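Asker: Provided below are the primary sequence and the corresponding predicted coordinates.
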Amino acid sequence: MNVINKTIDLGDGRTIAIETGKLAKQADGAVTVRMGNTVLLATVCGAKDAAPGVDFMPLQVDYKEKFSAFGRFPGGFTRREGKASDYEVLTSRLVDRVLRPLFPDDYHAEVFVNIILFSADGEDVPDALAGLAASSALAVSDIPFNGPISEVRVARVDGKFVINPTFSQLEEADIDIMVGATADNIMMVEGEMSEVQESDMLEAIKVAHEAIKEHCRIQLELAEACGKTVKREYSHEENDEELRAAVREACYDKVYAIAVSGSAKQERSDAFSAVKDEFKSQYTEEELEEKGSLIDRYYHDVEKEAMRRAILDEGKRLDGRKTTEIRPIWIETDCLPGPHGAAIFTRGETQSLTTITLGTKNDEKIVDDVLTHGKERFLLHYNFPPFSTGEAKAQRGVGRREVGHGNLAHRALKRMIPENYPYVIRIMSDILESNGSSSMATVCAGTLALMDAGVPVRRPVSGIAMGLISENKGANYAVLSDILGDEDHLGDMDFKVTGTKDGITATQMDIKVDGLSYEILEKALAQAREGRLHILGKITEAMPEPRADLKPHAPRIETIIVGKEFIGAIIGPGGKIIQGIQEKTGATISIEEVDNKGVIEVSGLNKECIDAAIKAIKNIVAVPEIGEVYEGKISSVMPYGAFVEFMPGKDGLLHISEMDWRRLDTVEEAGLQEGDQVTVKLVDIDPKTGKFKLSRKALLPRPEGYVDSERQRSPRPNNNGGNRSQYNHRDGGGRRGDR
């Protein structure tokens, strides 16, 4: 067994160890990556040949966490790992986005990258190692790949940048971004920030890139030690240069004319299709079966070249805008009667209808991932139905794209929600039209919907997607504001930036070419800020500030804090007390222990039911005081008196002698029955037993001429040592018992 090890020194006493040759040796490439007690296994397998008709890179990246890695059982009935969690999907996307552009353009064999977390300690964040592990597996394989790459997380904690910070450090960070790169070029950036400046984000990227350069150097040494510097030969494309030239000659001028015409999406798409169909019309069906896919590929190249030349040579974009121009925006808020907040945000041919649902503690999302276990109070869901792009197909569940775009919008908005806001918030963005930057439309519509719902957001947030067209490794380039779908597809960069007037809150960037300089990146950030502030102006023009109050049909929530010792009394045996309060008042009550205190949320559809529930709770937690008057309910009647529940969970004895000023022989003479409401005064608390003595007569007018000595009972002890007067009863013959 030829085991090879390499070590990366992080410079702060921590190291990353890469090992190959021990595990999963039948894969084309396999490595383990270890930092502290966090261990990942990454494998890569590539098909020898491409499937017939495939003219793209069929890459699949899967990141999976084993619950055993952290000594836990999976949830659910099966007690085994199931479908990928959102965190696993997002980590898979982070790796995929850096690897995919670096495979050769003509390499079309299926490649599967699997990254598995086998050990974790809950301190080191494993997703920061996933990119390094995947690239290392490719480095020790013979699969063609223009790497290596690596990914690192960089955070700013107390003003200092930290590479691959721990979970605890991330809680204190005001910058948290993941950066993927080769030794020469930045390929991907994604993360969130607390309204930081563009220069701060740029500095974080530079710090991350310096660390990545060392990772790449170690991987090259690893590949050389394994003898994998020469990659496999392949032939996945057959080309017809005569046909390529013919397509360009016949189509380029027509396509270029369409590209500079400034037409709308559908009109432009139809025109492009007509040019291709016209060229294909010269061939028979038999010839098209042989050459059709090649024509499609060569025509795509013509479209790409024409669009790029129109921008670089004439500064004309597909829809006629200037490079810095933002598409027309229209906004409508309070557009639906049912949701607790709603807004439509339309920018050009991209439209988001976003709704807000406000909920209580019972609506929290339970998060049960391997390393994250808790509850989420701020949710954002993004839906991208096929009709938004005019596609005639069914929508089948939530894909990785929806998870990724929703996560970006979630990061953009979450820090604007006030701390300790009592409501659980769900934002749902449905994309009704899409032609570029639907995730940024979600951010804008989300801000508007939150304000429409009366959520007191700290500041409004807007977002914009930037593009890039470049040639000669950035010697000639154009940065595009508010890109179209085609500009994303045919361009070199998709750079999304969100933020408030004070700074950036989230970002996501994918680079598709080599040679993105920091100069271009700085220009893109500055141009993005201008566009972001322009859009922010439109948002605040439509809705200057959040509504002063919630919608009438939104739930109301009030929070009260009680001592830990009262939690049991409020809940009652088997939940009897709390359920009784909810049934009686119509309010919903949730209670949990936080920091040795009871935190109670009371929610309802109106103030009256909430006030009634809070009053009932306060009665429970209140300490009975001698001399106070209470409204109680008779819980049971005895010959010697009645027990009255004068506070929830607290019963006192209303003795027959304390029911009225006149002498009573039976409780019935007082007109009191079980279930009756009665007003009583607490006159005494037994210091030894804590039992409560109640009086009704103390609240009644004292009869004129009343003499205590004549009317007051002086009960004698009975033979059992008890108070005989408490056990007066009628005997079987109907006579009074001896007094």
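Answerer: Ah, there it is.
Asker: Show me the strands in the stretch 1-150 of the chain, by range?
Answerer: 4-9, 15-20, 29-35, 38-46, 59-65, 111-119, 150-157 (DSSP state E, counting those that start in this stretch).
Asker: Tabulate those (TSV), appending distance to residue 543, mean pLDDT and mean neighbour count.
Answerer: Backbone N, C-alpha and C define where each C-beta goes, glycine included. Output for the strands of the stretch 1-150 of the chain, formatted as TSV (distance: least, Cβ to Cβ, whole Å; pLDDT from 0 to 100; neighbours: other Cβ atoms under 10 Å):
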stretch	distance to residue 543	mean pLDDT	mean neighbour count
strand 4-9	50	96	15
strand 15-20	48	97	21
strand 29-35	46	97	24
strand 38-46	45	98	24
strand 59-65	39	97	20
strand 111-119	43	98	22
strand 150-157	32	97	25
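Asker: Let's have those in CSV, adding distance to residue 395.
Answerer: Below are the strands of the stretch 1-150 of the chain laid out as CSV (distance: least, Cβ to Cβ, whole Å):
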stretch, distance to residue 395
strand 4-9, 44
strand 15-20, 41
strand 29-35, 36
strand 38-46, 31
strand 59-65, 22
strand 111-119, 26
strand 150-157, 31
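Asker: Mind checking those for the one nearest to residue 628?
Answerer: In terms of Cβ to Cβ, the element of these nearest to residue 628 is strand 150-157, at 53.6 Å.
Asker: mind listing what that closest one pairs with, with the direction of each?
Answerer: Counting by DSSP bridges, the strands paired with strand 150-157 are strand 160-163 (antiparallel), strand 173-181 (antiparallel).
Asker: Deepest-packed of those strands, please.
Answerer: Highest mean neighbour count of the strands paired with strand 150-157: strand 173-181, a mean of 23 (counted as mean count of other Cβ atoms under 10 Å).
Asker: isn't residue 633 right up against residue 645?
Answerer: Yes. Taking Cβ atoms under 8 Å as the definition, residue 633 is a contact partner of residue 645 at 5.2 Å.
Asker: What lies in contact with stretch 615-629?
Answerer: For stretch 615-629, the external contacting residues (Cβ atoms under 8 Å, 6 or more residues apart in numbering) are 560, 562-563, 566, 569-570, 577, 581, 584-585, 589, 600, 602, 646-650, 679-685, 692, 699.
Asker: ok, now with 7 Å
Answerer: 560, 562, 566, 569-570, 581, 585, 600, 647-650, 679, 681-685, 692, 699 (Cβ atoms under 7 Å, 6 or more residues apart in numbering).
Asker: Out of those residues, list just those in helices.
Answerer: Counting by DSSP state H, the contacts of stretch 615-629 place 569-570, 581, 585 in helices.
Asker: By pLDDT, give me the weakest of those residues.
Answerer: Lowest in pLDDT among these is residue 569, which has 86.
Asker: who's in contact with that residue?
Answerer: Shown in contact with residue 569 (Cβ under 7 Å, 6+ apart): 620, 649.
Asker: State the distance from it to residue 582.
Answerer: For residue 569, the distance to residue 582 (Cβ to Cβ, to the nearest Å) stands at 16 Å.
Asker: what's the answer for residue 326, then?
Answerer: 51 Å.
Asker: now residue 494
Answerer: Counting by Cβ to Cβ - residue 494 and residue 582 are separated by 50 Å.
Asker: Equivalent analysis for residue 50, please.
Answerer: Taking Cβ to Cβ, one finds residue 50 at 63 Å from residue 582.
Asker: what's around residue 615, how many residues?
Answerer: 11 (other Cβ atoms under 10 Å).
Asker: Where does pLDDT dip in the stretch 351-500 of the chain?
Answerer: Along the stretch 351-500 of the chain, no part satisfies pLDDT under 70.
Asker: show me where it has helices.
Answerer: For the stretch 351-500 of the chain, the helices defined by DSSP state H, counting those that start in this stretch cover 400-414, 438-452, 485-490.
Asker: Alright, that wraps it up for me.
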